[in-house]
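Undergrad: prediction below, plus the sequence it came from.
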Amino acid sequence: MIVTPHPLIPLPTEDDLKLMHEQKGDKGVHELLEARESRIKQANEDPLNHGFQLEGWKHVDKFLETVDTVFVSGGNRSSKTECGARSVVKAALENPNSEIVCFAQDSDASIRVQQRAVYRYLPPEFKQKSKSQVEYLNYTVKNGFTGASFILPNGSTVYFHTYSQFQANRSKFEGLEIGSKTPKWHNIGLWLDEYLEDGDLVATMRFRLATRNSKMLMTFTPIDGHTPFVAEFLKDVETLEERYAEMVDEVVPFVQYSHHKDAGIVFFHSELNPFGGYERIKKELKNSSKEEILTRAYGIPVRSMNTLFPDFNTGVHVIKDLPAITKHTHTVYQVVDPAGARNYVALWAAVDKLGNVTVLREWPDRDSYGEWAIFGEPKWRFGPASKKLGYDVQAYVDEFKLIEEDLGVEVFERIGDSRFFARENEDNSDLFESFADKGMFFVPSNGADIDTGITALDGWMKYNPRAELDEANRPILQIHESCGNLIHSLINWGHRGKADEALKDFIDLLRYLRMHNDGYGPDFVAQNQMHTTRRGTGGY
């Protein structure tokens, strides 16, 4: 008798076989092994009803009871697609007259991966070619489902599309009512597999989900790390459960809740899929960087593909609460970078006695004015926050003073972009003079080249990720969460010229701050020093 290996249905032990032989002889042993083979066959032929639910899937199901969006970020061969296919088929069968839309990267991925997985989870009785007034289902391995869709006897229809189809004809998806009006299980209406786009599709389809109050499931491997879309989901997350990751020898997130998106996040670790060939994955990643291991084996997005600040981590460098700031504990600086065609941009930062730097506020801030830069193809474009408000110098002075009153701080020194501030106006004055006439004094920024500033900034972000964070092991730089445009730029700017020029303004502000004081960075200045260090063109 052929004995099939199976990771979740172990072979009987020698003691089990010996006992069975003593009780029922060779026939009993044969029946025991035959029952095991039958169980394996059932699981293979009907995985929906007789298969195995992996640990990550249980968390997905639990989230689907309470939230409208579940975000599955998984390592390679971690069962993301299997979970998506199983969820779609079960929803289509349990919820009558469902309209479920599945998206994949392209036609090949749709047929070869997504449609094949969905077909695998259909119970055997539905895998026969059928065509009636209500039901329509025809599938081949080569071409997938005829018409890139199928209809079940209960009236449920599943459609398969690609992201390029959405980009080419968005109107095609207007008017859809996805999900079921009378759900008996999780009312899934949309499954996005390997979604690496900019979020436009999600924003559009959310309105299609609203009509029937249906749910969205996203599954992907974050090979590009913190794309703008991913970064939005990982903003303001609460970690509900962690697991030990042997390949990096540390505890990593397993289940999170996004307060910003009201979404469940589950990280599918490759080692938790006994069918995925984890030992081979582990071997292939043996000499890889920590970042690649976290992404490929644990589904954890660690950074943007193009970012120049690989150590920047929103969980470490971004803080919710500002420190208590007084003249005795901190010295406050402001940095301003003007632009002719856009709003000026500004940052306020405080330096403590140990030289730690906290960015307190940005202007224009993301929450009030929107994004400074928006992701697009082939390049980033300026967003609503950059659109000129028509401010003159007095209006900027008034705006800056209001922010400082709100923060309860007094600025010790203000830094202005040396080139733009020094440009002469029609009356032969420059911005240094124009602001000084209004009682606000700026000093010029350091003229160091961009690469020097980037290298210096990188040093502000260093910390030991393998050790516990405390007063000794912490980065010099921390940023308040209200500085959304600065955080967004740090995550995504890659110094790629025109391709990401729109992200550069807030990077320049931070760079000017870092290179201040002849490249040593901003100083803490004690009160008893101020009277001897102030200059006529400096702070007040």
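TA: Nice, thanks for sending it over.
Undergrad: give me the contact list for the host helix or strand of residue 232.
TA: Element membership for residue 232, per DSSP states H and E: helix 228-233. With Cβ atoms under 8 Å, 6 or more residues apart in numbering as the test, helix 228-233 has contacts from 71, 73, 195-199, 202, 222, 224, 258, 260-261, 263, 265, 301, 314, 375, 488, 491-492. Where you see a C-beta, it was placed from the backbone N, CA and C, and this is true even at glycine.
Undergrad: restricted to strands, list the residues you listed.
TA: 71, 73, 258, 263, 265 (DSSP state E).
Undergrad: between these, which sits nearest residue 215?
TA: Closest to residue 215 out of those is residue 263 (10.2 Å), distances taken as Cβ to Cβ.
Undergrad: which members of the contacts of helix 228-233 occur in helices, if any?
TA: Among the contacts of helix 228-233, the members found in helices (DSSP state H) are 202, 314, 488, 491-492.
Undergrad: buried only: go through the residues you listed for me.
TA: Neighbour counting with 16 or more other Cβ atoms under 10 Å marks 202, 314, 488, 491-492 as buried within the ones in helices among the contacts of helix 228-233.
Undergrad: and the chain, what are its domain boundaries?
TA: Domain assignment for the chain by automatic domain parsing gives 1-45, 60-305, 316-533.
Undergrad: among the ones you listed, which comes closest to residue 51?
TA: Closest to residue 51 of the domains of the chain, according to Cβ to Cβ: domain 1-45, at 4.9 Å.
Undergrad: returning to that earlier point: make JSON lines out of the domains of the chain and add mean pLDDT and distance to residue 53.
TA: Formatted as JSON lines, those follow (pLDDT from 0 to 100; distance: least, Cβ to Cβ, whole Å):
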{"stretch": "domain 1-45", "mean pLDDT": "89", "distance to residue 53": "11"}
{"stretch": "domain 60-305", "mean pLDDT": "90", "distance to residue 53": "8"}
{"stretch": "domain 316-533", "mean pLDDT": "92", "distance to residue 53": "33"}
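Undergrad: mean neighbour count, these: which tops it?
TA: Between the domains of the chain, domain 60-305 has the highest mean count of neighbours, a mean of 19, where neighbours are mean count of other Cβ atoms under 10 Å.
Undergrad: and that domain, how far from the chain's centre?
TA: 15 Å (Cα atoms, centre = their mean, to the nearest Å).
Undergrad: stretch 468-481 now?
TA: 21 Å.
Undergrad: try stretch 379-397
TA: Distance of stretch 379-397 from its chain centroid, counting by Cα atoms, centre = their mean, is 27 Å.
Undergrad: what does stretch 403-413 give?
TA: Its chain's average C-alpha position is 33 Å from that of stretch 403-413, according to Cα atoms, centre = their mean.
Undergrad: end-to-end on it?
TA: Separation of the first and last residues of stretch 403-413 by Cα to Cα, to the nearest Å is 15 Å.
Undergrad: now stretch 300-318
TA: OK, stretch 300-318 end separation, Cα to Cα: 18 Å.
Undergrad: next: stretch 175-189.
TA: Terminal residues of stretch 175-189 lie 14 Å apart, using Cα to Cα.
Undergrad: do the same with stretch 122-141
TA: OK, stretch 122-141 end separation, Cα to Cα: 14 Å.
Undergrad: doesn't residue 165 make contact with residue 104?
TA: No. Using Cβ atoms under 8 Å, residue 104 makes no contact with residue 165, being 10.1 Å away.
Undergrad: and residue 496, how far from residue 308?
TA: According to Cβ to Cβ, to the nearest Å, residue 496 stands 10 Å off from residue 308.
Undergrad: likewise for residue 445?
TA: Taken as Cβ to Cβ, the span from residue 445 to residue 308 is 19 Å.
Undergrad: same check, this time on residue 86
TA: Distance from residue 86 to residue 308, by Cβ to Cβ: 40 Å.
Undergrad: repeat that for residue 287.
TA: Noted for residue 287: a distance of 24 Å to residue 308, by Cβ to Cβ.
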